[in-house]
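Participant: Sequence and predicted structure, then a few things I'm wondering about:
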Amino acid sequence: MSVAFTKEESSETASETLLPDRAISPHPNLVTAAGLQALELQLQHARSAYEATSTIEDVNERRRITTIPLRDLRYFSERVRTAQVVPDPASTDAVAFGSTVTFSRDDGRVQTYRIVGEDEADPKAGTISYVSPVARMLMGKAIGDGVNVGGQELEIIDIS
């Protein structure tokens, strides 16, 4: 709709209320069952935040306040729609999507990560995306195998 048909003060005000869409990954949207639930919850939160703005009477203020919830609604709707739930791995013989893998580094550090979908990855919480360089190198490997990532040797010591 043209700005001429709204109570906007100017076309600049209208453009200030539009945010670019959140980037959608080109990779398949693989998720764990818990990851799908988290996406659905985030979609519900975005929907609730958007609906809460309907009580704002001032058109310009409502438009300004709805920008983030609308962007999140578009993003999470698409992520839920395209989600492909991957069941937990049936075997711990090799690292796979959904595996929790423990490895040691050259410097003696031992780290444990679960390989999950992009939206559920949080390295600080112990999860990494299946498309991350470390996860890509570990996939398909077994206990005792080593991989070189960024000039450092990682040795897999456990898969669960």
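Facilitator: Now that the structure is in, tell me what you want to look at.

Participant: Could you check stretch 73-81 and say which residues are buried?
Facilitator: Residues of stretch 73-81 classed as buried: 73, 75-76, 78-80 (neighbour count, 16 or more other C-beta atoms under 10 Å). Any C-beta I mention is one placed from the backbone N, CA and C, and that applies to glycine too.

Participant: in what helix or strand does the nearest residue in space to Ile24 that is not next to it in sequence lie?
Facilitator: Nearest residue to Ile24, sequence neighbours excluded (C-beta to C-beta, 6 or more residues apart in numbering): Glu78, at 6.0 Å. Assigned by DSSP states H and E, Glu78 belongs to helix 59-82.

Participant: Show residues contacting the helix or strand following that helix.
Facilitator: Sequence order places strand 84-85 as the next helix or strand after helix 59-82, per DSSP H and E. Contacts to strand 84-85, defined as C-beta atoms under 8 Å, 6 or more residues apart in numbering, come from residues 28-33, 35-36.

Participant: Generate a PyMOL selection restricted to the buried subset of the residues you listed.
Facilitator: A single PyMOL command is used to select the members of those judged buried by 16+ other C-beta under 10 Å:
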select buried, resi 29+30+31+32+35+36
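
Participant: Next, format the buried residues of stretch 73-81 as CSV and append distance to Leu154 and pLDDT.
Facilitator: Formatted as CSV, the buried residues of stretch 73-81 follow (distance: C-beta to C-beta, whole Å; pLDDT from 0 to 100):
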residue, distance to Leu154, pLDDT
Leu73, 39, 95
Tyr75, 33, 97
Phe76, 33, 97
Glu78, 34, 97
Arg79, 30, 98
Val80, 34, 98
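
Participant: for those residues, which one is nearest Asn148?
Facilitator: Of all the buried residues of stretch 73-81, Asn148 sits closest to Arg79, with 32.7 Å by C-beta to C-beta.

Participant: Surely that closest one touches Asp119?
Facilitator: Yes - with contact defined as C-beta atoms under 8 Å, Arg79 counts as touching Asp119 (6.0 Å).

Participant: Enumerate the helices of the chain by residue range, in sequence order.
Facilitator: Taking DSSP state H, the helices of the chain run over residues 11-16, 33-52, 59-82, 133-138.
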